[in-house]
Each structure stands twice: as C-alpha cells, then as structure tokens.
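>>> How does the following fold in three dimensions:
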Amino acid sequence: MTATMKILVVDDEDLARARIKALLEGIDDVECVGEAANGLQAVERIRELSPDVVILDIQMPGMDGLEVVDALDEPPLIVFATAYDEYAIRAFEVNSIDYLLKPIERNRFAEAIARARALLSEGPELGEQLERLAGLLRSRGVNRLPVQKGKRIILVDLADITWAGVADELVFVHTKKERYLVNLTMTELESRLDPGTFFRIHRSSIVNLNHVVEIVPWFSGKYKVIVDDAERSELVLSRARAKSLREIFPW
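As a prediction, this is how the structure comes out:
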C-alpha cells in the first residue's frame with residue numbers, strides 16, 4: 001500500500017494556492033496538510049506539520065522561497081513554483097528537486113508529484129538531492145534584501161543599508177534617504193546579514209560598519225554610534241556590545 005504523501009502549499013496569492021490544492025485533489029495518495037501565505041508562515045508550518053513535500057513559490061514578500069529553505073535545518077522535499085520564464089529558471093532547475101512554471105499545467109504538476117514520490121522512496125538519494133539544493137542556497141551570493149514600501153516589494157542592495165532598527169514592534173532597514181519595512185525579526189535579519197559588515201550594537205539596532213562615522217561617549221559607560229544617513233542617526237551602543245565593537249574599531 002502506498003503511503004499518503006503530506007504536502008504543504010506555500011504562495012502569497014490566494015488563487016495560486018487554490019489552484020495547487022485543486023490539482024492535488026486529482027492525485028491519489030496525497031494530502032494537503034496545510035498552506036502558508038508568506039515565508040515566515042511557511043517556516044512555521046514546516047516545523048509544525050513536518051510535510052513530506054512543499055510546493056513553494058519563489059517570489060514572495062519579505063522572505064522568498066529560497067530564504068525559506070535557507071532558514072530550515074532539515075528542509076523537506078521542495079518543488080519550486082515560479083512565474084519566471086524558462087530562461088531565468090534554468091539556474092534553479094539543475095539544483096532543485098523540481099520546479100513548476102506558472103500558470104501550472106495539470107500534466108506537469110502530476111510529473112512533479114510523481115518525481116517527488118520517487119525521490120521519497122529512494123532514501124539516501126533524497127539526501128543527495130537536498131544537499132544539492134543546500135548548495136544552491138550557499139552559492140547564491142545574494143546581496144539584496146526584499147523590503148516593503150507601502151504595497152511595493154523592493155530589493156535593496158545590502159551595501160546601501162546604513163542601519164536597521166525596531167519601531168512600534170516592527171523591523172525597519174534604513175538607507176541614506178529611505179526607511180523600509182522588513183518582514184523579519186531582528187534576530188532573523190541579523191542571521192541574513194554578513195557579520196563582517198553588519199554589527200548588532202543593541203538588541204534593537206544593527207549598523208552597517210561601513211556607514212559608521214562617529215562613536216560618541218554618552219553616559220553610564222554607554223556610547224552613541226552615528227551613521228551617515230541624511231538624519232545622521234544616533235544609535236545607542238549597549239555596554240555589553242561596546243567591548244566587541246572596540247575590537248573592530250579600537251578607541
């Protein structure tokens with residue numbers, strides 16, 4: 001008897017998730033155990049539900065599909081779904097389990113599910129496939145961060161970020177002239193930034209060391225770090241982090 005394959009559907013568009021769930025209904029021995037509308041939800045659902053396979057949209061607000069996989073210690077089998085054309089997707093094709101080009105065709109979807117089922121039955125070879133996917137993530141060399149400005153999703157060059165901080169329990173990154181919302185916690189954001197360039201000076205702020213222009217004594221052993229944005233923002237350097245920053249910028 002064939003085991004039922006548990007599938008999680010992840011896409012930021014309601015219609016896209018509904019389409020995938022409808023396609024699953026026509027395939028035997030599969031169960032849609034849940035769905036997620038963004039990257040953060042996807043990570044939570046994967047950890048909670050332990051699906052065998054995730055149908056994962058690549059381009060989503062805040063945290064894209066590749067970043068979702070990157071956030072998981074042991075990702076399940078991933079089938080990417082994307083609106084990119086076939087030329088753009090070739091880089092993913094050679095490193096992913098499979099991909100589906102939107103609008104998804106029924107026969108192509110069935111092929112992807114069959115491939116996933118075959119890989120699940122192969123055991124050790126599945127591990128090799130997942131390692132190939134991990135290699136894709138490690139080699140991406142992404143130097144931009146998806147951020148929100150109103151309803152727009154913008155990719156900001158990491159080098160342009162002067163600092164990041166918390167305001168009204170939301171996380172924002174700042175460039176010299178703009179502020180953008182990030183769909184991550186401070187800890188998650190810190191984990192995605194190069195520690196050689198970005199330094200967490202306080203539980204509520206991270207600075208780009210290349211944009212620090214002054215370190216000013218404040219009080220009670222604390223300092224303020226000034227960055228070169230338009231406001232010359234002054235950020236508190238905690239006593240606990242001052243020693244580590246001194247090792248980078250001795251004073």
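
>>> Contacts only, for A37.
Each residue near A37 by CB atoms under 8 Å, 6 or more residues apart in numbering is listed here: V10, D11, D12, D14, R17. (C-beta placed from N, C-alpha, C; glycine too.)

>>> Buried ones among those?
Neighbour counting over the contacts of A37 (16 or more other CB atoms under 10 Å) leaves V10, D11, D12, R17 as the buried ones.

>>> pLDDT averaged over the helix or strand harbouring Y180, what's the number?
Element membership of Y180, judged by DSSP states H and E, is strand 179-182. Regarding strand 179-182, the rounded mean pLDDT is 92.

>>> And it, what's buried?
Y180, L181, V182.

>>> could you say what helices and strands the helix or strand following it packs with?
Per DSSP H and E, the first helix or strand lying C-terminal to strand 179-182 is helix 186-192. Using 3 or more CB pairs under 8 Å, 6 or more residues apart in numbering; DSSP states H and E, the elements in contact with helix 186-192 are strand 163-167, strand 170-174, strand 198-202, strand 205-208.

>>> And helix 186-192, how far out from the chain middle?
Here helix 186-192 shows a centroid-to-chain-centroid distance of 10 Å under the convention CA atoms, centre = their mean, to the nearest Å.

>>> if we look at it, which residues are touching it?
The contact list for helix 186-192, computed with CB under 8 Å, 6+ apart, reads 67, 71, 145, 164, 166, 171, 173, 182, 184, 198, 200, 203-204, 206.

>>> quick check, nearest of the residues you listed to N107?
Minimum distance to N107 across those is 30.1 Å, recorded for E67 (CB to CB).

>>> which non-adjacent residue is nearest that closest one?
Nearest residue to E67, sequence neighbours excluded (CB to CB, 6 or more residues apart in numbering): G39, at 6.0 Å.

>>> you'd agree the one you found is up against G65?
Yes: with contacts counted by CB atoms under 8 Å, G39 reaches G65, the gap being 7.3 Å.

>>> hey, where'd the strands end up in the stretch 51-200 of the chain?
Using DSSP state E, counting those that start in this stretch, the strands of the stretch 51-200 of the chain run over residues 53-57, 77-82, 98-101, 144-149, 152-157, 163-167, 170-174, 179-182, 198-202.

>>> Of those strands, flag the one that's most buried.
strand 53-57 (a mean of 28; mean count of other CB atoms under 10 Å).

>>> Just checking: what are the partner strands of it?
strand 5-10 (parallel), strand 77-82 (parallel) (DSSP bridges).

>>> what's the distance between A71 and F198?
Distance from A71 to F198, counting by CB to CB, to the nearest Å: 18 Å.
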